[in-house]
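Peer 1: Mind looking at a prediction? Sequence and model below.
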Amino acid sequence: MPLPRARVVTLNAALGPLDYRIPDGMEVEPGSVVIAPLGPRQLVGVAWEAERLPSEEVGDNRLRPLAGLIDVPPVPAALRRLCEWTADYYLSPLASVLRMVLPSSSALEGSRQLTEYRPTGARPERLTPQRLQALERLEGRQGTIRELAAHAEVSDAVLRGLVAAGALERIQVEADSALACPDPAFAPPTLSEDQQAAADSLAASVGNGFDPVLLDGVTGSGKTEVYFEAVAEALLKDLQVLVLLPEIALTEPFLKRFAARFGCAPVAWHSDLRSSQRRRAWRGIASGEAKVVVGARSALFLPYARLGLIVVDEAHEPSFKQEEGVQYHARDVAVMRAKFEDIPVILSSATPAIETRHMVESGRYRELRLRERHAGAQLPSLTALDLTADPPPRGRWIAPRLVEELEANLAAGEQSLLFLNRRGFAPLTLCRTCGHRFQCPNCTAWMVEHRLLHRLACHHCGHVMAPPKACPECGEADTLVACGPGVERIADEVQALMPDARTAIVTSDTIWSPARAAEFVRQMEAGEIDIVVGTQLVTKGYHFPNLTLVGVIDADLGLSGGDLRAAERTFQQIAQVAGRAGRGDKPGRVFVQTHLPNAPVIAALVSGDTERFVTTETQARQEAAMPPFGRLAAIVVSAEDKEEAEAVARRIGRSAPRVEGMEVYGPAPAPLAMLRGRHRFRLLVHARRSLDVQDVIRDWLGATEWSGKVRVSVDVDPYSF
Ligand code: ADP
Ligand code: ZN
């Protein structure tokens with residue numbers, strides 16, 4: 001259905017939809033990707049149905065003509081509806097959502113040949129230390145000058161210097177090489193009776209309309225094997241599949257596993273792709289040639305030609321919540337996408353979120369359960385270690401009982417994992433003489449000592465400083481002390497206690513790319529590591545049969561603070577990390593260090609009584625009308641100038657509409673009162689379920705004005721607050 005004139009949504013969030021005349025001979029239909037002239041600029045945009053979007057009416061003869069039509073398939077109607085829904089629900093400009101559909105400018109270009117660079121392996125003499133360091137960071141990498149410069153955190157000029165010195169070489173890449181095609185019959189598994197029943201049920205729903213399913217099975221029960229059968233069914237029907245993973249570090253093991261089942265790797269989509277790979281993937285997705293796509297949350301908005309199934313793996317993970325730009329929850333948007341596409345969506349988890357369970361309870365999602373671990377493997381036994389009764393010696397963090405267990409496990413030739421959700425060596429550095437604490441100049445946060453990287457770093461804005469030799473406040477040397485443990489400090493403690501143990505630290509500092517994750521998996525499988533010390537990065541997805549002991553260093557870490565999801569999150573995290581133990585034929589043991597052995601969440605973990613914990617949590621939420629029984633939205637006002645931010649926040653607070661079933665709290669300093677140099681104030685909106693809060697907030701904020709230096713953002717369904 002060609003359009004008479006085009007209402008174009010550009011990728012520029014500051015602009016509303018713009019109308020254009022379609023020149024003779026240009027075939028523009030709804031969804032076409034076009035080039036729209038604006039002043040001297042040429043903007044990329046998508047032609048929308050005019051009746052769906054408001055715009056200023058302009059007479060036909062005053063319209064400028066479109067400057068061009070880009071040769072890619074039109075954005076499908078179901079995806080345009082999803083974009084509209086996302087923009088409405090999360091109170092974001094449609095243009096910002098559309099940027100996630102068209103994130104790759106190179107994908108829209110006609111050229112098939114791309115120029116990239118990679119290390120030659122040569123180490124020319126007389127390189128400056130900066131160039132040498134850059135070269136080290138680029139090992140095994142390939143990409144454009146700009147991509148490599150960004151990765152090495154240096155300027156383009158440094159890289160051009162490396163090219164001139166012969167350390168980097170230029171290569172031509174063919175952009176549109178063929179994508180491998182997964183074979184559903186490559187290596188089908190033999191499933192247990194329970195697994196088969198679940199797999200059949202999932203496969204039967206492919207091609208039969210919208211069907212949201214919670215696949216709820218204990219860790220190691222074979223959820224991946226099971227949903228792979230639905231993937232196979234989609235492949236047989238020539239439909240595309242999207243698998244969302246919470247973390248890019250998980251993609252590599254997943255790719256391997258997928259290849260073992262289907263004979264080749266799926267198409268990966270994540271932030272670490274080179275632009276040539278991004279272009280190839282995007283084009284394959286839009287043409288339908290990319291059959292199975294696995295990616296982080298941003299893969300959700302891509303323009304699949306024939307999407308037939310969505311899987312959200314580890315669906316309870318908080319990293320599915322996007323905290324910047326369009327603040328959407330990928331799990332929830334995945335269900336909406338499935339609805340608009342009229343296809344099934346599988347949420348897979350061993351520890352489903354209260355929200356998801358509630359959808360099952362209320363009959364909106366179906367549930368499939370796997371109650372047992374595969375091949376008779378037992379769930380690990382879990383013991384709480386009371387730190388008040390049996391504390392580690394001063395300056396140490398591993399309790400005596402856990403040390404004994406680690407030593408015994410090492411002697412038995414089995415692998416162990418220590419979990420602490422804190423990167424670096426110590427979370428706080430303090431001067432013993434004057435009490436000075438090293439704080440980030442841009443954020444309300446301590447500078448975290450990273451001994452491996454020789455620096456202090458802010459985990460919120462990335463600000464770094466050299467490790468101080470003396471206190472900047474009182475000038476005393478040798479008075480600085482590291483307070484509290486991070487994973488690096490735990491690894492040191494392990495080394496001191498067990499010098500023969502081969503340890504590895506697994507955090508985003510050490511596993512920054514899929515290739516590093518693959519190397520870690522290889523070392524674990526080859527038995528080259530005895531004890532892993534890691535953050536939440538190691539709590540999920542991995543399957544190491546010889547890993548039999550798990551120690552949780554500080555179970556109380558997430559419980560302090562008033563966060564709605566603190567207990568739920570702690571429960572999920574510990575259940576997930578415990579799930580890494582005893583996945584093979586040897587039983588697993590888990591020790592949880594805590595000062596609160598009687599806290600309901602710890603008691604539930606020890607007794608294994610998940611049902612009771614979930615029931616209690618759900619009741620508490622219901623009584624307080626908290627999500628999923630009520631609704632929340634956070635309005636965050638920020639500015640470099642504190643008074644300015646506070647004044648606007650107060651003004652917004654004063655103009656809050658009186659609406660039955662809605663309350664507004666604040667403004668108060670946001671949990672991170674300063675972030676990246678901006679002061680932040682927050683208003684919290686709490687409303688009953690049936691209220692259209694978005695509508696209320698849209699009108700409310702629409703009637704308030706503020707200067708360009710102040711930023712106001714709305715987080716609908718905030719994850720943590
Ligand atoms: P989950 O995702 O529920 O934690 P996985 O799908 O990762 O469980 O399965 C755990 C391990 O058991 C994996 O190594 C998987 O290959 C294996 N497994 C599960 N089911 C089967 C099966 N039917 N046949 C062979 N191996 C299986
Ligand atoms: Zn900071």
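Peer 2: Nice, thanks for sending it over. Numbers count the residues shown, from 1 in each chain. Ligands and ions are numbered 1, 2, ... in the order given.
Peer 1: what does the model give K469 for pLDDT?
Peer 2: pLDDT, K469: 87.
Peer 1: Please read the previous query as pertaining to E57.
Peer 2: pLDDT, E57: 69.
Peer 1: same question, S111
Peer 2: In this prediction, S111 carries a pLDDT score of 66.
Peer 1: now do L3
Peer 2: pLDDT, read off for L3, is 68.
Peer 1: In the stretch 551-700 of the chain, which residue sits closest to ligand 1?
Peer 2: For the stretch 551-700 of the chain and ligand 1, the shortest gap (Cβ to the nearest ligand atom) falls at R583, measuring 6.3 Å. Yep, even glycine has a C-beta here, placed from its N, CA and C like the rest.
Peer 1: Enumerate every residue touching that residue.
Peer 2: For R583, the contacting residues are T219, G220, R373, A377, H543, F544, P545, L547, by Cβ atoms under 8 Å, 6 or more residues apart in numbering.
Peer 1: Output the residues you listed in CSV, with secondary structure, distance to ligand 1 and pLDDT appended to each entry.
Peer 2: Formatted as CSV, these follow (DSSP: H, G, I helix; E, B strand; the rest coil; distance: Cβ to the nearest ligand atom, whole Å; pLDDT from 0 to 100):
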residue, secondary structure, distance to ligand 1, pLDDT
T219, coil, 5, 85
G220, coil, 5, 86
R373, coil, 8, 84
A377, coil, 8, 78
H543, coil, 4, 83
F544, coil, 10, 89
P545, coil, 8, 89
L547, strand, 12, 94
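Peer 1: give me the beta-bridge partners of V664?
Peer 2: Per DSSP bridges, the residues bridged to V664 are V685.
Peer 1: Am I right that it is in contact with R654?
Peer 2: No: in this structure, V664 is not within contact of R654 by Cβ atoms under 8 Å, at 10.1 Å.
Peer 1: Between those two, which has more neighbouring residues?
Peer 2: V664 (19 against 9; other Cβ atoms under 10 Å).
Peer 1: Quick one: residues contacting the residue in the stretch 551-700 of the chain that ligand 2 sits nearest to.
Peer 2: Relative to ligand 2, the nearest point of the stretch 551-700 of the chain is R676 (6.6 Å; Cβ to the ion). R676 makes contact with N442, C443, H460, C461, according to Cβ under 8 Å, 6+ apart.
Peer 1: quick one: which of those residues is nearest E147?
Peer 2: C461 (22.9 Å; Cβ to Cβ).
Peer 1: what about the closest one, distance to A482?
Peer 2: According to Cβ to Cβ, to the nearest Å, C461 and A482 sit 21 Å apart.
Peer 1: do the same with R451
Peer 2: R451 sits 9 Å away from A482, going by Cβ to Cβ.
Peer 1: hey, what's in contact with both of the two?
Peer 2: Joint contacts of R451 and A482 (Cβ under 8 Å, 6+ apart) are F425.
Peer 1: Quick check: buried residues in stretch 122-135?
Peer 2: Across stretch 122-135, burial judged by 16 or more other Cβ atoms under 10 Å covers L127, R131, A134, L135.
Peer 1: which of the contacts of R676 sit farthest apart?
Peer 2: So, these by Cβ to Cβ: farthest apart are N442 and H460, at 7.9 Å.
Peer 1: Now the common contact residues for the two.
Peer 2: Here N442 and H460 have L675, R676 as joint contacts, going by Cβ under 8 Å, 6+ apart.
Peer 1: residues from the stretch 401-550 of the chain in reach of ligand 2?
Peer 2: Within the stretch 401-550 of the chain, the positions near ligand 2 by Cβ under 5 Å from the ion are C440, N442, C443, C458, H460, C461, H463.
Peer 1: could you redo the residues you listed as a markdown table and give each row secondary structure and neighbour count?
Peer 2: Output for those, formatted as a markdown table (DSSP: H, G, I helix; E, B strand; the rest coil; neighbours: other Cβ atoms under 10 Å):
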| residue | secondary structure | neighbour count |
| --- | --- | --- |
| C440 | coil | 24 |
| N442 | coil | 16 |
| C443 | coil | 22 |
| C458 | coil | 21 |
| H460 | coil | 15 |
| C461 | coil | 18 |
| H463 | coil | 17 |
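Peer 1: I'd like to know which of these is nearest to ligand 1.
Peer 2: For these, the nearest to ligand 1 is H460 (32.1 Å; Cβ to the nearest ligand atom).
Peer 1: Give me the distance between the closest residue to the closest one other than its chain neighbours and P468.
Peer 2: With Cβ to Cβ, 6 or more residues apart in numbering as the criterion, H460 has its nearest non-adjacent residue at 4.5 Å, and that residue is C443. C443 is 18 Å from P468, where distance means Cβ to Cβ.
Peer 1: again, but for A375
Peer 2: Using Cβ to Cβ, we find A375 at a distance of 53 Å from P468.
Peer 1: So for these two, which sits in the more crowded spot?
Peer 2: Neighbour count, other Cβ under 10 Å: between A375 and P468, P468 has more, with 16 against 11.
Peer 1: Wait, that one touches F438, no?
Peer 2: Yes: P468 lies in contact with F438 (Cβ under 8 Å); the separation is 7.2 Å.
Peer 1: Now do the shared contacts for those two.
Peer 2: With Cβ under 8 Å, 6+ apart, P468 and F438 have common neighbours T429, L456.
Peer 1: hey, where'd the strands end up in the stretch 351-500 of the chain?
Peer 2: For the stretch 351-500 of the chain, applying DSSP state E, counting those that start in this stretch gives strands covering 366-370, 381-386, 415-419, 428-431, 448-450, 455-457, 464-465, 480-483.
Peer 1: Point out the other helices and strands that the fourth one packs with.
Peer 2: Which is strand 428-431. strand 480-483 (3 or more Cβ pairs under 8 Å, 6 or more residues apart in numbering; DSSP states H and E).
Peer 1: In this structure P303 contacts P103, no?
Peer 2: No: using Cβ under 8 Å, P303 makes no contact with P103, being 10.7 Å away.
Peer 1: higher neighbour count, these two?
Peer 2: For P303 versus P103, the count of surrounding residues by other Cβ under 10 Å is larger for P303: 22 against 16.
Peer 1: Which of the helices or strands spans the more buried one?
Peer 2: Here P303 sits in a region with no helix or strand, counting by DSSP states H and E.
Peer 1: Doesn't G45 belong to a helix?
Peer 2: No: membership of G45 in a helix is not supported by DSSP: H, G, I helix; E, B strand; the rest coil, which gives strand.
Peer 1: Identify the residues contacting it.
Peer 2: Per Cβ under 8 Å, 6+ apart, neighbours of G45: V8, V9, T10, L11, L18, V33, V34, I35, A36, L98.
Peer 1: beta partners of it?
Peer 2: Assigned bridge partners for G45, using DSSP bridges, are T10, V34.
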